[in-house]
Structure formats: C-alpha cells, structure tokens
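[1] Generate coordinates for the sequence data below:
(chains A and B)
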Amino acid sequence: MKNFYFEKTHNDKHSKARTGYLHTPHGVVETPMFMPVGTLATVKFLTPEDLKKVGSGVILSNTYHLWLRPGEDVVDAAGGVQKFMHYDGPMLTDSGGFQVFSLADSRKIKEEGVTFKSHLDGSTLFLSPEKSIQVQNKIGADIIMSFDECPPYPATYEYMKNSVERTLRWAQRGKIAHQRPEDQALFGIVQGGEFEDLRRFSAEELVKMDFPGYSIGGTSVGEDKETMYRMIDYAIKYLPDDKPRYLMGVGSIDAILEGIERGVDMFDCVLPTRIARHGTCMTSVGRINIKRKDYEYDFTPLDPKCDCECCQNYTRAYLRHLHRCNEGLASRLLSIHNIRFLINLTEQARIAIKEDRFTSFKEQVLSQSGFDGRGF
RNA sequence: GGAGAGGUAGCGAAGUGGCUAAACGCGGUUGACUGUAACUCAAUUCCUUCGGGUUCGGCAGUUCGAAUCUGCCCCUCUCCA
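    Model prediction:
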C-alpha cells in the first residue's frame, strides 16, 4: 500500500528501541508515539485543536461504538470519521474485539463471530470479522484492526490455543473482506496470552498473511507487569523489523517505557484521559490526585516542568476547585495535561533513542522523585 | 394575643419503646482506574489510648430499657388577629 508505510529511522544501540516515521493518508507521524483514545469520535472533553496543540499524532476511535451510534452510514455520509469530527490527522479504529471482552456478560463466541448484548438497550448484536471490517471501511480511519478475541487473564493453555487459532482465522477473513486496502492499513493482532509458543505461533502466522502492521493484544487485562513484558518479548521476536508494532491498551509510564525498550512503536490507552476526569495526573514529580486537600492553597502549576496549556496557565488550587465543583473545564485541562505528559514522554524517548541512551533515559524517568512504582 | 407545625450527626432527611451510634441523600476525606457501558466506582465520615465513651433542642421524670412516652422550659416556621 502506497499511502501507508513505516520508515524506520534509528535503532538504539543498546536496546531494541527504535524510532521511525509512520506514513498515513492523513499525515506522517513519528514513532514511538502515544495515541489518545476517542472512542465515540471524540477524545472526551477535547477538540481536535486541543489535540493538535499537545502534539498528538494519531487518535483512536471505536468500531463497536460508532456502529451503534451514530451508525457507520452516517459517518460514511459525512465523508469519513475525520471529516465527521473536524479532525484532519491520522486515525485508527479498534475493531470491537475489545468490547467482546469488556462487555463480556452474556456473550457467545463462535467460529462465525460473536453474539452479545448492546450496552445501550440490551438488544442482541452480532459482530463478525467481515462485519467489523465492513464497518471500519465505512468509518474510514487510516489504520484499522482485525477483529480479534481479547482473551481473559488468566486463561488455560487449551482455551488460549483455541482462541488464538480462531483469531488467526478471523484475521484472514477480515483481510479478505477488506474493501479499501489502498487507503486503510489493516493490522493483525498477536494474541496468545502468557504462553510463549502461542505468542510465537500467532505472530508467525500473522506475518505469513503479510499485514502492513502488527498489534500486540491481550495485555493489561489483569496480569502483572513482568508477565506483560514477557508477552511483548514473545511476540516482538517474531515480528518483522520493517513494520510498525502497536501495543494495544497500554498507557502507564513504566509500561510505555518498557514497551519502547522492547521495540514497540505505538501505544494507546484511555488511562490518561480517564484518570484526568477522575482527578489524577501524571507529572514529573509523580502521581498527583488534584482532589486532595494538600492542594487547597497550592498556587503552583500542576507540573512545573510541563509546557501544556494547563500547566502554563492554571494553578493546582484552581484545578482542585474546578474538579470539586464538577466543572467540565477540570476534565478538559487535566486531560490536556495527561496526554501532553505522555506525548512529551515519547518525544523525549525518541531523542534518547537517537542518541543511543534509551535505557538510561528509562531508568532516569522511573527513578524520578515522586515516582512510587504504582504504575506511574 | 390566638391557632397549628416543628427542633435527629457538617447540611437535608428517615426513624415514634429494645434488632439504633441512628436508614438514605448531599457535603467532607481517601483510594482505584490501562485496545472507554467510566464527569465512574470503592472505602470512610460523633469521640477514642480501640477496652470503651458520649449522642437525637434543654432540664426533670416514667420504664429492666427512651431519639421514640410524660411534664416544664428554650427556639424556629406558617396562618389568624
């Protein structure tokens, strides 16, 4: 596909970390990068202009959610999701596979696809690999995902083996169903849980199908960090060097750094925006819960080292006030900050990689004052 | 001056003899959150040296036992003069 390709620019000499450019029909973005999640064609509380300001490269949207509302035909009629939401940058849609996992109540996974209940009205829905791709073709994102099963953790080897095999068949079916390979890059998703041979099998089989990019799925589903890092190692080992690797659903500071060190190029996560709405912030001095009484009279910036709109213009005391009063501006400003924080983290990471000092950069960030090992 | 209603934890509000240290909501405090059913959810909220102590306007009673029953007092609100 001409409109989409990955161009590796540098390999850290002492780790598997690398930098590159991801070329998409809606622009070129540098990797490793963090992608904010905008499930319903909006990153909650932010405008596309806000996202541009914080240096966001790619944003996500979601097949399942847009399929239900407003419906893929509306998005298609609008001219695609970017036009629909007045955003002109690169986008990626998740396939709905994760919803099969997160809306796990009363779902039935069969070879044809998954039957499950709508979270909106309880009606019975059916999503298949073909249907997911068909919807994603209409939504029109630059990068689309294979319809996969995100298996629970822990799962037995037997369960995982069946799931991996089925997800591979679904990947093949989705590839065949894909109507717009010229302007939408379809990624395959490596599964296999904590099992090395299954991760390997999943990766190798996907590579045979030749996707323009590969995702690592089934992480951040309850396993401990060390297990997750092993899952990444198992998968990446068998993925081609010249294709982008996307670690799905990972957005804590330590996990992003560990992922980059292992050769991951793309991350997405709801964490920064969700915890922002709940009053928690990632900062250079560690985790800050803006609700705390400690900040009642604190007229300093949220993060003294941050260059975002929130930290440049507002104080902790004011942000605490806004949050306590349930003012939407708190959600907006804290979301801007958290996203900027992670994007800045990846920007710094890219510089470190280019200077072949990624591991020491990682160690330095993780040992920063206030970082208490709780994830960020 | 007359008639009526009422005073319960920071606030609002249940409770009308024991299962009530007192429902529920708000407010307060703390925590969680990882391909978004999430401006959500959880814990905690009289004092405590964790043994216990002191509460339901105040005081005095009835009772084995009172926020709940009786008497007096204080205060608030509504209506009529």
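[2] which regions of the stretch 1-150 of chain A sit below the pLDDT cut-off?
    For the stretch 1-150 of chain A, the stretches flagged by pLDDT under 70 are A:1-2, A:104.
[3] how about residue A:215, secondary structure?
    Using DSSP: H, G, I helix; E, B strand; the rest coil, the structure places residue A:215 in strand.
[4] correct me, but it touches residue A:186?
    No: with contact defined as C-beta atoms under 8 Å, residue A:215 does not reach residue A:186; the gap is 10.6 Å. All C-beta spots, glycine's among them, are computed from the backbone N, C-alpha and C.
[5] Find residues that contact each of those two.
    Shared contacts of residue A:215 and residue A:186, defined by C-beta atoms under 8 Å, 6 or more residues apart in numbering, are found at A:145, A:146.
[6] So between those two, which is more surrounded?
    Set residue A:215 next to residue A:186 and count neighbours by other C-beta atoms under 10 Å: residue A:215 wins out with 31 against 25.
[7] Am I right that residue A:281 sits in a strand?
    Yes: assessed with three-state DSSP, residue A:281 lies in a strand.
[8] How about it, nearest residue that isn't a chain neighbour?
    Distances taken as C-beta to C-beta, 6 or more residues apart in numbering place residue A:288 nearest to residue A:281, at 4.6 Å, with adjacent residues excluded.
[9] again with residue A:38
    The shortest distance from residue A:38 to any non-neighbouring residue, by C-beta to C-beta, 6+ apart, is to residue A:59 (5.0 Å).
[10] Pretty sure that neighbour sits against residue A:34.
    No: assessed by C-beta under 8 Å, residue A:59 is found out of contact with residue A:34, at 10.5 Å.
[11] Go ahead and produce CSV holding the CA coordinates of stretch A:44-55.
    Taking Å, rounded to 0.1, in the frame of the first residue of the first chain, the C-alpha atoms of stretch A:44-55 are listed here in CSV:
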residue,chain,number,x,y,z
LYS,A,44,-13.7,13.3,25.8
PHE,A,45,-13.7,17.0,26.6
LEU,A,46,-11.1,17.9,23.9
THR,A,47,-11.4,19.4,20.5
PRO,A,48,-9.2,18.3,17.6
GLU,A,49,-7.4,21.7,18.0
ASP,A,50,-6.5,20.8,21.6
LEU,A,51,-5.1,17.5,20.4
LYS,A,52,-3.0,19.3,17.8
LYS,A,53,-1.6,21.6,20.4
VAL,A,54,-0.4,18.8,22.7
GLY,A,55,1.4,17.2,19.8
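[12] Now do the strands in the stretch 101-250 of chain A.
    A:108-109, A:114-117, A:124-127, A:143-145, A:185-190, A:214-216, A:245-247 (DSSP state E, counting those that start in this stretch).
[13] what helices or strands is the first one leaning on?
    Counting contacts by 3 or more C-beta pairs under 8 Å, 6 or more residues apart in numbering; DSSP states H and E, strand A:108-109 is packed against strand A:114-117.
[14] Also the fifth one?
    With contacts defined as 3+ C-beta pairs under 8 Å, 6+ apart, the secondary structure elements packing on strand A:185-190 are strand A:143-145, helix A:157-177, helix A:196-209, strand A:214-216.
[15] so what's the residue lying closest to residue A:368 once chain neighbours are set aside up against?
    Leaving aside its sequence neighbours, residue A:368 sits nearest to residue A:284 (C-beta to C-beta, 6+ apart; 6.5 Å). Applying C-beta under 8 Å, 6+ apart, we find residue A:284 in contact with A:303, A:304, A:305, A:306, A:341, A:368, A:370.
[16] just residue A:124 next, same as before
    By C-beta under 8 Å, 6+ apart, the neighbours of residue A:124 are A:115, A:116, A:117, A:118.
[17] give me that answer again for 7 Å
    Contacts here follow C-beta atoms under 7 Å, 6 or more residues apart in numbering; on that basis residue A:124 touches A:115, A:117.
[18] How about residue A:145?
    Residue A:145 neighbours (C-beta under 7 Å, 6+ apart): A:93, A:94, A:95, A:97, A:187, A:189, A:215.
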